[in-house]
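1. Turn this into a structure:
(one chain, ligands or ions: 1)
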Amino acid sequence: MQEIKPYYQKHLIVCLNVREDPAKDSCGTKNSTAIHQRLKDYVKEKGLGKKVRVSKSMCQDLCAHGPIVSIYPDNIVYSRVTLEDVDKIIKKHIDTLINS
Ligand code: FES
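-> Take a look at the predicted model:
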């Protein structure tokens, strides 16, 4: 095993999971794909790809509160994220890295 430092300063992880039972809550049925894409598009548009990583995940075990976006190293988990919330997430967690 080897310990490495990631090249990025922020890691945003968006749950896209869809659970097998359609009666159970799933992030993937609540617009999380669009949320993930919007975050990725913004990072690319601003040329922040070497500072910010936006990833998809499977279940983060917070299904009833989804869509879930986890942010590290900030150690924050946002629940019930909407497309309208994405701008707030960007302003608070990504824009701070512009010109840094
Ligand atoms: S489906 Fe997203 S946390 Fe479980």
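
2. Okay, buried residues for stretch 27-42 please.
-> For stretch 27-42, burial by neighbour count (16 or more other C-beta atoms under 10 Å) applies to 27-30, 32-33, 35-36, 38-40, 42. In this view, the C-beta of every residue, glycine as well, is placed from N, C-alpha and C.

3. Among those, which ones are in helices?
-> Using DSSP state H, the members of the buried residues of stretch 27-42 that fall in helices are 32-33, 35-36, 38-40, 42.

4. Kindly reformat those as TSV containing pLDDT and distance to L83.
-> Below are those laid out as TSV (pLDDT from 0 to 100; distance: C-beta to C-beta, whole Å):
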residue	pLDDT	distance to L83
S32	98	10
T33	98	11
I35	98	6
H36	98	11
R38	98	7
L39	98	11
K40	98	14
Y42	98	12
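
5. of the buried residues of stretch 27-42, closest to Y78?
-> I35 (9.8 Å; C-beta to C-beta).

6. can you pull the contacts of that closest one?
-> 14, 67, 69, 81-83, 86 (C-beta atoms under 8 Å, 6 or more residues apart in numbering).

7. For N99, give its distance to the ligand.
-> Per C-beta to the nearest ligand atom, to the nearest Å, N99 is found 33 Å from the ligand.

8. What's opposite S55 in the beta bridge?
-> For S55, the beta-bridge partners are I13 (DSSP bridges).

9. what about the helices in this structure?
-> Under the criterion DSSP H, helices of the chain are mapped to 32-45, 86-89.

10. contacts with the ligand among the ones in helices among the buried residues of stretch 27-42, please.
-> For the ligand, no contacts are drawn from these by C-beta under 6 Å from any ligand atom.

11. Take those and lay them out in CSV including distance to I4.
-> What follows is these, written out as CSV (distance: C-beta to C-beta, whole Å):
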residue, distance to I4
S32, 28
T33, 29
I35, 28
H36, 25
R38, 29
L39, 24
K40, 23
Y42, 26
